[in-house]
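[1] here are the coordinates; sequence isn't available:
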């Protein structure tokens, strides 16, 4: 809704524009009328809608040219087009000049400024034989910009306040976006917006609004319940004119739309606008940026998670749409849940979370998808919370549904993580089993990677030490060798996967050169790491490296390498590995060796390596002798 209203009075000379303004302000008819009234500002606290209102007089006697007129018209929010009821020429001028000029200006900048047609000097009506409204009806039919026609008298102080009230109302509660007078029904965009409001307000998702739901709706929009007597009057009105408006004493969607049609037809546009604005709609009947995208500050190294309030609301939406109460959302139920949104926010979610055998969404999978969405796309998550109707006076806006975690580096310093969603980036040489490892998190064997993103990400809830429970995200990171040397650059590793809670470095226990490649990757990491030997169900070969994986991890202050098989019958062992990953990501201090401080690891490693090279050359020299 606008923060202020600017009213411009237009019309021919001597129709009483200036007199109307002065009569409003002084509450008496001026004896001496100036050429033009100065611009007047009515403070917010004395206007019916509580919005400052500026009233501007346009004088044809002080006409400064077409450019000046057009500038004033463009600045205006609404026009009061004044004619004298006792002067046919002034009415004809509205038809031949003023209304076409208004339409020209509106078309010029695409702003639909409404018009209040003001018939002044109605104290002269006694001398007229015909009704003063008859000549203006064709104009109102021809120009839908005309919101209403008001007859008044500046001399008798009759209907002066009404003129400016209707002008202000036409700006703050316009008819044009809501209703088509020609067709006598709501415009399609208005009806669509009200359907979304109805579906959000239908708390039990039965397709009707019960008395309880109507009262909750009333409290949300108008800050108080609807008295029972008023509720009965509304229902009786709907029953009288709409056969399917009330079913089993509940308000149907058809009845809800009919009720708002009646409000508008009876001049109570403000009721419909109050409802629409409470649910985030602008004057153009789209959802405002402020409603959809409140500013959320997220510093580098921090991430976004859903709060308890956010999870509670989203879980309630799951149960609301799980019509058959089987703990799953079928495609139909899922489409119903997101019927108030532009679309379903996830594509093929079966590649990221656990689903039923039929590919339907479980509650765990549903929660995991929202956790993943909040982590990867916080702004997108805020938008969809708004679409789903989270925003209300009791909950506030959707910022209460999320929380920003502390900086990850601070977690490393404190040697513990308070995060509830942990990101593990998965690295490893080609063919070591990265995809199989990630798939196993959601108990699946083969998954098609999205051609749109090329990313492979899975998420699942993991329960580990002392009944802790966190969401674990596994993201497969594929890096390319540089200059054909067989190893990626450090910058590429950092760019593609350096910002995470834990780097999971895989190697193939059945390939002798795999661990050496994995070590090269791990050496360039600046985050906690863990090695995992893949294909442990196969025969293990000796790794072609100076140290065994166990020796290297001990020297580097890392946990002993974990063993993993992606075979379906190893699910229990797989879960233990994922629990270990969650544990290491939650407690980075567990990465360090008890025997060597981290600061001495590199020195020790280099010393041993140099000694090894020296011994090799000494041995070669003695052998040649």
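    Arrived safely. Treat the numbers as computed from the prediction; the structure is a model and nothing was measured. Numbers count the residues shown, from 1 in each chain.

[2] what about the strands in the stretch 201-350 of the chain?
    208-209, 246-247, 250-252, 304-306, 328-329 (DSSP state E, counting those that start in this stretch).

[3] which stretch among these approaches residue 297 most closely?
    Closest approach to residue 297 among these (Cβ to Cβ): strand 304-306, 10.5 Å. (C-beta placed from N, C-alpha, C; glycine too.)

[4] give me the mean pLDDT for that closest one.
    Average pLDDT, strand 304-306: 97.

[5] relative to residue 85, how far out is the nearest residue to residue 42 once chain neighbours are set aside?
    Distances taken as Cβ to Cβ, 6 or more residues apart in numbering place residue 53 nearest to residue 42, at 4.5 Å, with adjacent residues excluded. Distance of residue 53 to residue 85, computed by Cβ to Cβ, to the nearest Å: 25 Å.

[6] residues touching residue 237, list them.
    By Cβ atoms under 8 Å, 6 or more residues apart in numbering, the contact list for residue 237 reads 259, 262.

[7] distance of residue 21 from residue 93?
    20 Å.

[8] please read the previous query as pertaining to residue 9.
    From residue 9 across to residue 93, the span is 14 Å (Cβ to Cβ).

[9] more crowded one of those two?
    residue 9 (27 against 18; other Cβ atoms under 10 Å).

[10] the more buried one: what secondary structure?
    strand (DSSP: H, G, I helix; E, B strand; the rest coil).

[11] residues near the closest residue to it other than its chain neighbours, how many?
    Of all residues not flanking residue 9 in the chain, residue 17 sits nearest, at 4.3 Å (Cβ to Cβ, 6+ apart). Neighbours of residue 17 under the rule other Cβ under 10 Å: 27.

[12] pLDDT score assigned to residue 17?
    pLDDT, read off for residue 17, is 95.

[13] low-confidence ranges in the stretch 1-150 of the chain?
    Where the stretch 1-150 of the chain drops to pLDDT under 70, the residues are 63, 126-132.

[14] show me the shaky parts of the stretch 251-400 of the chain.
    For the stretch 251-400 of the chain (pLDDT under 70), the answer is none.

[15] and residue 379, that's in a helix?
    Yes: using three-state DSSP, the assignment for residue 379 is a helix.

[16] so it versus residue 402, what's the distance?
    10 Å.

[17] before we move on, the earlier item: okay if I get the strands of the stretch 201-350 of the chain as TSV plus mean neighbour count?
    Formatted as TSV, those follow (neighbours: other Cβ atoms under 10 Å):
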stretch	mean neighbour count
strand 208-209	21
strand 246-247	16
strand 250-252	21
strand 304-306	22
strand 328-329	22
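
[18] of all these, which lies closest to residue 587?
    Nearest to residue 587, of these and by Cβ to Cβ, is strand 304-306 at 18.3 Å.

[19] so how far is the closest one off the chain centroid?
    With Cα atoms, centre = their mean, to the nearest Å as the basis, strand 304-306 stands 14 Å off its chain's centre.

[20] hmm, who's touching it?
    Contacts for strand 304-306 (Cβ under 8 Å, 6+ apart): 296, 298, 314, 370-371, 374-375, 378, 381, 401-405, 419-421.

[21] again, only this time at 7 Å
    With contacts defined as Cβ atoms under 7 Å, 6 or more residues apart in numbering, strand 304-306 is touched by 298, 370-371, 374-375, 378, 401-405, 420-421.

[22] many thanks, we can stop here.
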